[in-house]
Structure formats: structure tokens, C-alpha cells
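> Requesting a structural model of the entry that follows:
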Amino acid sequence: MSNEIMVVLMFVGLLAGLFMGHQLAFVLGGLAAIFGYFGPGLSVFGIIVNRIYSQMDNYILLAVPMFILMARLLSDSGVAENMFQALRLALGRVRGGLLLAVIGISVILAASTGIIGASVTVMGMLALPAMVRYGYQKELATGAIAAGGTLGILIPPSIMLVILGSYAQLSVGQLFAAALFPGLLLAGLYAVYVAVVTFLKPEYGPPVSEAELSEVSVREIVVMVLKMTIPPLLLIIGVLGSIFTGWATPTEAAAIGALITLILVVVYGKFSWRMLQDAVSATARTSSMVLFVVVGAVGFTGVFIAIDGQHIVSSYLAGTGLGRWGLFILMMAIVFVLGMFIDWLGIVLICLPIFLPIANELGFEPLWFVTMIAVVLQTSFLTPPFGYALFYLQGVAPSEINLGHIYRGVVPFVVLIVIGTLLCAMFPGIITWLPGVIFGS
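Here you go, the predicted model:
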């Protein structure tokens, strides 16, 4: 069997295994075992074992469980609930004020948790019933919550950026700096879209009733907002500031962030030994899932490289005659389409080893190119049929909201992500300026 046929069969087997409902880690590992045996032979398994061991010895990946624990503890602290209540009152008189509050809180949660499931679930339970009660358009409400929640994989600190940095052999600190402005750009696009829609159609986002707002004074609202937002902002500044200034590595900053978050839980009066046990158990399960996928992907890409798959794919893409930017668009389109069927981790671990050498040959700056992939991967949580944010939101949505509302609601926000991607491509300084200022060219 020729190597070309094996490459095609490996990807066909990957899609078949996922559509049959099998776990990604075991699909990747199983395909590595099958094609490794019938392709290069038993000798390839020694190479795969060495590659897996090198990942086990990867100090950067220690940041993954720390950031996950930080996210879980912050979710249990109740800070999101308090922030929403404060911003709901502060923006209550503004058209679409609840939507703007959702986007603002989503940015703060993204910069302090990095886990989209927690952000979407919390905001879905808090904000969606309130917006339904006030008569907000269901599609606009669900789209804003789902899109805002997905910012957690782009705005640092993010476990996706840690994995990307590890695999692309880039500084995670530089990648954090590169992804910050694109994440804020998307949040700004969401906010502008919401503001414009509710200005043109006020019935889509009516303000909170004056009777409810009159129960709390302006001074009380200001104190409430400051009290609920300053501690998370200090946590964000502490974690990202220590990385950007070089005082701590991402792994050390993640550990410090987890400790500070635990202190916040105690200060907010939410601590219990049961809560801590549940948080640690959830962290262990999530970390194990991520690292199982890493092991399976290492095996899959090891066999893929052994059968000269990178050269085959590179030759095929070069033969398309699309040119430098045409190939770039094709690679981003592949990431976008795969996001409909595979989660971000699988896409990163499968596509990055193939696309990054091609991007280097085409002359694209690696930090910029990897960050562009991260921006496009925002869509993987929003695009049907397997957008995880859609199902997280459906699981906590009130009975008035159905899956059709959610599917229709995310479409404008997917378009906004595409617009954000185009802006980052047209103006690469959005990505490269901050790393250049902090770390130098």
C-alpha cells in the first residue's frame, strides 16, 4: 500500500471513528497502532514511545491542570453571579444592557478561567432567564452568551494557547501576548453588533424597569460593581503581569493564580472541603482527558510523519497553484470546517504539525500564524452540528429556548469571528505589536 493511500485512509478512519461516537484519544491512538503496524512496521513504535515520553517531560504542560483548577475554583466562588447582578443594575437603563453585561463578564471570565464550559454554563443560568423575562430576542440573547463564553479559549490565560505553544515550540508568554488583542477585538465586535441591533430594534433589548432600578442607589451600584470586579481583575493582572514582565513562567503563574483563586473562594465565604475535593477531582478528570488526547495525537502524528505524510500534504497543497495567500485561506478554511466535527484539541494536534512547516515555507511568521489558527478555532465551539457551546447552553436554557433559537443566534457571531480573522490578516500588528513591545522583536 502506497504512502499516499495510507494518508487518505488515516483521515477517513479518523472521521469515521468520530462519527461512530468513539472518543478522540482512542480513535487517534487506535489509528496510530493500525497504520503503524501495516505501514512503517514495529520500529515506528519505539519512536512514538520516545515522543510520548518527551510530552510527559514537558514542563509547559504543567500549566494545564493549574489553569483548569483556577477556572473551577473561580466558578465555585460565585464571583460571576455577583458581577452579573452588579452590571445588570449598572447597565439596566441602556438598550441591550444585559447583553453588554454578558459580554463584559465573559471577557473577565475568559481572562481568569480559560474554560468555555464554565463561562457558557454560568452565564446561561444567570443571564438567559433574566433576558427572557425582560423580553429580549431569544436568538440575540443565546448568540451573545455562546459567543462570549467561547472567548475563554482565546483570551489568555488559555489552555489552548498552552497546547499551541507547546506543539509549535513557541513561547507561551509570547502567545498569550499575541492573542490578547485579537480576543478583545472579537469582544468589541460583539459589543458593537449588540449595540447597533438594539439601537435599530429597541424591542430586541429593552431596558430594565425603572421600578427595579429605583430600589438601589447609584452609589450602591458603583460600590457593588467595584467590589465584584476588582478582585478578579487583580487576579488577571497578577497572572498575566507576572508572565509578561518575566517574573514567572506560565506554569509558575498558573500555580500562583490557582492559589490566589483559592484565597478568593475563602474571602467570598464559599470554601468547604467538599467543594475543594470536587474541584480537584474535576481538574484531574479534565486534565486526564486533555493529556490522553495528547498521547493519542502524538502517536497519530508520529505515524503520519513516518509515512512521509507531511511531504505528501505539502506537495498536494503546493500543486494547487493557489499561491501564498490562497494556501493560507485554504488552511484556515480547513480549520473552520474541521471545527464543525472535531473539538479544538484534536484540530490543534492534527493540523498544527502539518500546517506549521507549510506556513514556514510560505514565509509566514510562526507566532502570527499560530495565533490566526487560535482565532479561527473560536468557531469550533459555535458551528453546528458539534459546537460544544451550543449544547452547554441548551443544557441550562429555560424551556422557552430551543436548539433552533441557539443555532440561529450564533450565525451572526460566527460571521463576526470571520470578520475579526480578516482584520487580523489585513493588520498583522493586532497580533504582533504587543509581543514586540513586551518581549522585543
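
> now residue 93: how far from residue 359?
48 Å (CB to CB, to the nearest Å). Backbone N, C-alpha and C define where each C-beta goes, glycine included.

> Tell me which of these two has more neighbours.
Neighbours per residue, other CB atoms under 10 Å: of residue 93 and residue 359, the larger number sits with residue 359, 22 against 11.

> excluding its backbone neighbours, what's nearest that one?
Spatial nearest neighbour of residue 359, excluding adjacent residues (CB to CB, 6 or more residues apart in numbering): residue 369 at 4.4 Å.

> and the one you found, what is it in contact with?
With contact set as CB atoms under 8 Å, 6 or more residues apart in numbering, residue 369 has these partners: 355-356, 359.

> Centroid-nearest residue for this protein?
By CA atoms, centre = their mean, the chain has its centre lying nearest to residue 153, at 1.8 Å.

> and the contacts of residue 369, which of them are in helices?
Those of the contacts of residue 369 mapping onto helices are 355-356, 359, per DSSP state H.

> Run through who's touching the host helix or strand of residue 327.
Assessed by DSSP states H and E, residue 327 sits inside helix 323-338. Residues from elsewhere that reach helix 323-338 (CB under 8 Å, 6+ apart): 317-318, 320, 322, 346-347, 350-351, 355, 358-359, 362-364, 372-373, 376-377, 379-380, 383, 421, 425.

> mind listing the helices for the stretch 101-250 of the chain?
116-133, 138-150, 159-168, 172-200, 210-213, 218-244, 250-267 (DSSP state H, counting those that start in this stretch).

> wait, which of those helices is closest to residue 51?
Proximity to residue 51 (CB to CB) singles out helix 159-168 among the helices of the stretch 101-250 of the chain, at 11.5 Å.

> next one: phi and psi at the nearest residue to residue 299 once chain neighbours are set aside?
Nearest residue to residue 299 in three dimensions, chain neighbours excluded: residue 32, at 3.3 Å (CB to CB, 6+ apart). With angles defined as degrees, to the nearest 10, residue 32 sits at phi -60, psi -40.

> now residue 32: how far from residue 17?
12 Å.

> so residue 132 makes contact with residue 401?
Yes. Applying CB atoms under 8 Å, one finds residue 132 in contact with residue 401, separated by 7.1 Å.

> Please enumerate the helices of the stretch 301-441 of the chain.
309-318, 323-338, 344-362, 366-376, 388-396, 403-426, 429-439.

> Out of those helices, the one nearest residue 179 is which?
With CB to CB as the measure, helix 366-376 is the member of the helices of the stretch 301-441 of the chain nearest residue 179 (5.5 Å).

> so the closest one versus helix 159-168, what angle?
Here the directions of helix 366-376 and helix 159-168 differ by 140 degrees (axes from the mean of the first three to the mean of the last three CA atoms, to 10 degrees).

> Buried ones in helix 366-376, by neighbour count?
By neighbour count on 16 or more other CB atoms under 10 Å, the buried set for helix 366-376 is 367-376.

> Just give me the closest of these to residue 282.
Once CB to CB is applied, the member of those that ends up nearest residue 282 is residue 374, at 24.5 Å.

> Identify the residues contacting the closest one.
Applying CB under 8 Å, 6+ apart, the residues near residue 374 are 153-154, 160-161, 164, 175, 179, 182.

> Turn those residues into TSV, including pLDDT and distance to residue 57.
As requested, these are exported to TSV (pLDDT from 0 to 100; distance: CB to CB, whole Å):
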residue	pLDDT	distance to residue 57
153	86	25
154	90	28
160	86	21
161	89	20
164	89	19
175	93	21
179	94	26
182	96	31
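
> neighbours around residue 241, how many?
If we define neighbours as other CB under 10 Å, then residue 241 has 13 of them.

> For it, which non-adjacent residue is closest in space?
residue 247 (7.8 Å).

> Over to residue 26?
Per CB to CB, 6+ apart, closest to residue 26 is residue 296, 6.6 Å.

> Minimum distance to residue 197: which of the helices of the stretch 301-441 of the chain has it?
Using CB to CB, the nearest of the helices of the stretch 301-441 of the chain to residue 197 is helix 403-426, at 8.4 Å.
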